[in-house]
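# Show me how the following folds:
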Amino acid sequence: MGGTQSSQINPPTKSSCSDGPPRPIPKNFTLLHGCSTMEEHEHKIAAEVAAVKGLHGKEALSALGFEFRFVPCKLHVQDETTGNNIAPREEEDDSSVKKQSSPIRSTPSVLSLSNESYESGQARYQSCHDCARRLFYIGNPSNEETTEESPSKNNNAAATAITITLSNRKQFIADGPHYDLIANIAQEVAQSIMCSEFNLEWVTVCKDRTLGPNVRAMVDADHPLLLEEGENQVALQELLLDNVTGAGATREEKKQEDDDVSTNTTKATLLIATGRGKVRAGIFSRQHLLTAGIEIGSAWHFVREARVRGWGVAVIDPNARGEGVGFDTFKRSFSRLFVADDDTSNNNNLCCETTKQMVRQQSVNSISSSIQSSSSIYILAHSAGGGQLVRHLRDDSTLLPSIKAIAFTDSSHNVQWCKNQPPLMEFLQKKNCVYVRSNDVRSSQSCVKVSSRGKEIQCGDKSCSCVTQASGKEVNTDHFWEHRFGKIKTVWAGSPDHSLSNYAGRDAIWGHFDEHTTEEAMDE
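Got it, this is the predicted structure:
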């Protein structure tokens, strides 16, 4: 990679990058911030690749001079004494390099957004759908050390941190391997923040290394599969063993325990499946994650709303082993999370050293099976995730009765795949399913421009499709559409951007889910 310890600390110079004349800069090429030649540009990339070797998450992001910071929207940043709006102006997102001077603070808890605010200095902060954790360039930390004589140096650096936007992204994140490096690290950080904020944990759903790396999913901290791994495995299994053997338990106590388990089985679960490509679990768009914020480029709002409703959450990672085997990964993840794999469990039990251990594992599997198979499932399937879901249900429709509602966002599925399975084909066209379509799903051209915070800038023509195709408005589908997707209810996402179809259409999606939650409650 060409990086050394000294090159990671000291900024590159012309003499250290090349002994000959500098190469010409290609037309329309953007050099990284602080570079004036191609040699410096390439040297900086190589040094940053070397600098993050062995690092992950926030530590790796910080080593590259980046950081996610919470940026309240205009409505949620006000001076307590004057009431003046001190939030960053939306127009500033279009500047080539923006120096952020507005208050940037650590993230508040989002589980009580409408009830609480948090304070820092003279500003009061709240959070909503328009607040976001934005990516900032803060420079090389090694060049910004403070001394006792200048304690305010870090504060000044923080005040001049540069927000990454669509306009200036190439000045700080170059196309190609450099982009992949930072985007992958940013995804790790976003996932970590979501896990922390919403009490999610990683669980391994496939450990077959002959097929590739381990496949994981983000699930609730009390998900049954977590009983099979982790630091509390022995203690949890001891408790389950007592339940099975009845040691020290009366019949009434055992009945109470059974009632407790039954209560857990009624918990609804939201399954989130992303599209194909280089996006990982819970991330819909790497570009919007980097230039618009975690909330806009990820499944943040869907996890948050699921938590508000008391639902469980399962976020799978179809691209964990590469997009070429995305369907196989999806299938294994879905089956492991929602269908008890008794055969595998029994095989694992054969490896146990004692009968007692066998009973423990069978107890875990029994509870896991009861919870997974009987809870209501709501699914958000984006792009290729929709195609993978339909293919899986075509191969195994065991859980179809448990699926209460599906929201397909620019899904790639085709109902003709199911023409030999009338029940599934019918279900995909019932009111339980909705198709949320980006405004220009068939065209790459649009008069609508999307700002770096995911907001649309319309052309102003009231008769234009960018106005008439508002989020949630029903689409008048044609013969081609109905041949491929059937007579499924189809609504506009409200954005021409495929990767923003989830964020822009979130209200319509949750309206669909809530409608079927109400119907389910009435049926009971």
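# Give me the pLDDT for Phe424.
Not quite, residue 424 is Leu, not Phe. On pLDDT, Leu424 comes in at 96.
# immediately after whichever helix or strand it is part of, which helix or strand?
Using DSSP states H and E, Leu424 falls within helix 422-427. Note on helix 422-427: by DSSP H and E, the next helix or strand toward the C-terminus is strand 433-437.
# Enumerate the positions of that next one that are buried.
Buried residues in strand 433-437, defined by neighbour count with 16 or more other C-beta atoms under 10 Å: Cys433, Val434, Tyr435, Val436, Arg437. C-beta: built from backbone N, CA, C; applies to glycine.
# Which of those residues sits closest to Arg309?
When the buried residues of strand 433-437 are compared for distance to Arg309 (C-beta to C-beta), Val434 wins out at 17.7 Å.
# for the closest one, what are its contacts?
Taking C-beta atoms under 8 Å, 6 or more residues apart in numbering, we find Val434 in contact with Ala405, Ile406, Ala407, Phe408, Ile488, Lys489, Thr490, Val491, Ala508, Ile509, His512.
# Export these as a markdown table, with columns for pLDDT, distance to Val415 and neighbour count.
Output for the contacts of Val434, formatted as a markdown table (pLDDT from 0 to 100; distance: C-beta to C-beta, whole Å; neighbours: other C-beta atoms under 10 Å):
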| residue | pLDDT | distance to Val415 | neighbour count |
| --- | --- | --- | --- |
| Ala405 | 96 | 17 | 25 |
| Ile406 | 98 | 13 | 27 |
| Ala407 | 98 | 16 | 27 |
| Phe408 | 98 | 11 | 28 |
| Ile488 | 96 | 8 | 22 |
| Lys489 | 96 | 13 | 16 |
| Thr490 | 95 | 13 | 18 |
| Val491 | 94 | 18 | 22 |
| Ala508 | 95 | 21 | 21 |
| Ile509 | 96 | 20 | 27 |
| His512 | 96 | 18 | 24 |
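# Inside strands: which ones of those residues?
Members of those lying in strands (criterion: DSSP state E): Ala405, Ile406, Ala407, Phe408, Lys489, Thr490, Val491.
# Show me what the helix holding Leu424 is packed against.
Packing partners of helix 422-427 (3 or more C-beta pairs under 8 Å, 6 or more residues apart in numbering; DSSP states H and E): helix 384-395.
# taking the mean pLDDT, what do you get for the helix it packs on?
Helix 384-395 carries an average pLDDT of 96.
# Give the other helices and strands that it contacts.
The contact analysis (3+ C-beta pairs under 8 Å, 6+ apart) places helix 384-395 against strand 269-273, helix 326-338, strand 377-382, strand 403-409, helix 422-427.
# Quick one: neighbours of the closest residue to Gly387 other than its chain neighbours, just the number.
Of all residues not flanking Gly387 in the chain, Ser412 sits nearest, at 3.9 Å (C-beta to C-beta, 6 or more residues apart in numbering). Neighbourhood size, Ser412 [other C-beta atoms under 10 Å]: 17.
# for Asp478, same thing?
Asp478 sits with 8 neighbouring residues when counted by other C-beta under 10 Å.
# mind checking how far it is from Asn414?
16 Å (C-beta to C-beta, to the nearest Å).
# in stretch 198-209, what counts as buried?
Within stretch 198-209, the residues that count as buried by 16+ other C-beta under 10 Å are Phe198, Leu200, Glu201, Trp202, Val203, Val205, Cys206.
# what do you get for stretch 44-64?
For stretch 44-64, a neighbour-count test (16+ other C-beta under 10 Å) marks 44-49, 51-52, 57-58, 60-64 as buried.
# Please list the members of these that lie in helices.
Residues of the buried residues of stretch 44-64 located in helices (DSSP state H): 44-49, 51, 57-58, 60-63.
# tell me the pLDDT at the nearest residue to Glu48 once chain neighbours are set aside?
Leaving aside its chain neighbours, Glu48 sits nearest to Leu64 (5.4 Å; criterion: C-beta to C-beta, 6+ apart). Note for Leu64: predicted pLDDT of 95.
# Would you check that Leu64 makes contact with Ala51?
Yes. Counting by C-beta atoms under 8 Å, Leu64 does reach Ala51; the two are 6.9 Å apart.
# which ones are touching the closest residue in space to His56 that isn't next to it in sequence?
Closest residue in space to His56, ignoring its immediate chain neighbours: Glu188 at 6.0 Å, by C-beta to C-beta, 6+ apart. Neighbouring residues of Glu188 by C-beta under 8 Å, 6+ apart: His56, Gly57, Ala60.
# With pLDDT added, can I get those residues in CSV?
Compiled in CSV, the contacts of Glu188 are given as follows (pLDDT from 0 to 100):
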residue, pLDDT
His56, 93
Gly57, 93
Ala60, 95
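# wait, which of those is closest to Arg304?
Closest to Arg304, out of all of the contacts of Glu188 and judged by C-beta to C-beta, is Gly57, at 21.0 Å.
# Relative to Asp220, how far out is that closest one?
Distance of Gly57 to Asp220, given as C-beta to C-beta: 21 Å.
# Equivalent analysis for Thr30, please.
43 Å.
# more neighbours, these two?
Remark: of Thr30 and Asp220, Asp220 carries more neighbours, 21 against 17, as counted by other C-beta under 10 Å.
# Next one: the more buried one relative to Ala314, how far apart?
Asp220 is 8 Å from Ala314, where distance means C-beta to C-beta.
# Same question for Gly494.
From Gly494 to Ala314 the distance is 26 Å (C-beta to C-beta).
# before we move on, what about Glu515?
Taking C-beta to C-beta, one finds Glu515 at 21 Å from Ala314.
# re earlier: would you confirm that the residue nearest to Gly387 belongs to a helix?
No. Judged by DSSP: H, G, I helix; E, B strand; the rest coil, Ser412 forms no part of a helix; its state is coil.
# Thought Gly386 was touching it, still the case?
Yes. Counting by C-beta under 8 Å, Ser412 does reach Gly386; the two are 6.0 Å apart.
# what sits against Gly511?
Gly472.
# For the nearest residue to Asp395 once chain neighbours are set aside, the count of nearby residues, please.
Counting by C-beta to C-beta, 6+ apart, Asp395 lies nearest to Lys331, which is 7.3 Å off, once chain neighbours are set aside. For Lys331, the count of nearby residues is 19 (other C-beta under 10 Å).
# Identify the residues contacting Lys331.
Neighbouring residues of Lys331 by C-beta under 8 Å, 6+ apart: Gln388, Arg391, His392, Asp395.
# Now flag whichever of the residues you listed is closest to Cys35.
Each of the contacts of Lys331 was checked against Cys35 using C-beta to C-beta; the closest is Gln388, at 41.5 Å.
# Please enumerate residues in contact with the helix or strand hosting Leu289?
Using DSSP H and E, Leu289 sits in helix 286-291. Residues outside helix 286-291 that contact it (C-beta under 8 Å, 6+ apart) are 135, 164-166, 169, 173, 182-183, 186-187, 190, 278-279, 283, 296-298, 452, 454, 499-500, 503.
# And the residues you listed, which of them are buried?
Buried among those (16+ other C-beta under 10 Å): 135, 164-166, 169, 173, 182-183, 186-187, 190, 279, 283, 296-298, 452, 454, 499-500, 503.
# Which ones among these lie within helices?
The helices, defined by DSSP H, take in Arg169, Ile182, Ala183, Ala186, Gln187, Ala190, Ile296, Gly297, Tyr503 from the buried ones among the contacts of helix 286-291.
# Could you report the separation of the residue nearest to Gly387 from Arg484?
10 Å.
# what do you get for Gly312?
Gly312 sits 32 Å away from Arg484, going by C-beta to C-beta.
# Also Leu55?
Leu55 is 45 Å from Arg484, by C-beta to C-beta.
# Confirm Thr517 sits in a strand?
No. Looking at Thr517 with three-state DSSP, it is helix, so not inside a strand.
# Check which residues of stretch 24-43 are buried.
For stretch 24-43, a neighbour-count test (16+ other C-beta under 10 Å) marks Thr30, Leu31, Leu32, His33, Cys35, Thr37, Met38, Glu39, Glu40, His41, Glu42, His43 as buried.
# Just put those in a markdown table and tack on distance to Glu474, secondary structure and pLDDT.
As requested, the buried residues of stretch 24-43 are exported to a markdown table (distance: C-beta to C-beta, whole Å; DSSP: H, G, I helix; E, B strand; the rest coil; pLDDT from 0 to 100):
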| residue | distance to Glu474 | secondary structure | pLDDT |
| --- | --- | --- | --- |
| Thr30 | 42 | coil | 93 |
| Leu31 | 48 | coil | 94 |
| Leu32 | 46 | coil | 94 |
| His33 | 46 | coil | 92 |
| Cys35 | 51 | coil | 93 |
| Thr37 | 55 | coil | 93 |
| Met38 | 52 | helix | 93 |
| Glu39 | 56 | helix | 93 |
| Glu40 | 54 | helix | 93 |
| His41 | 49 | helix | 95 |
| Glu42 | 52 | helix | 94 |
| His43 | 55 | helix | 94 |
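# Lovely, talk soon.
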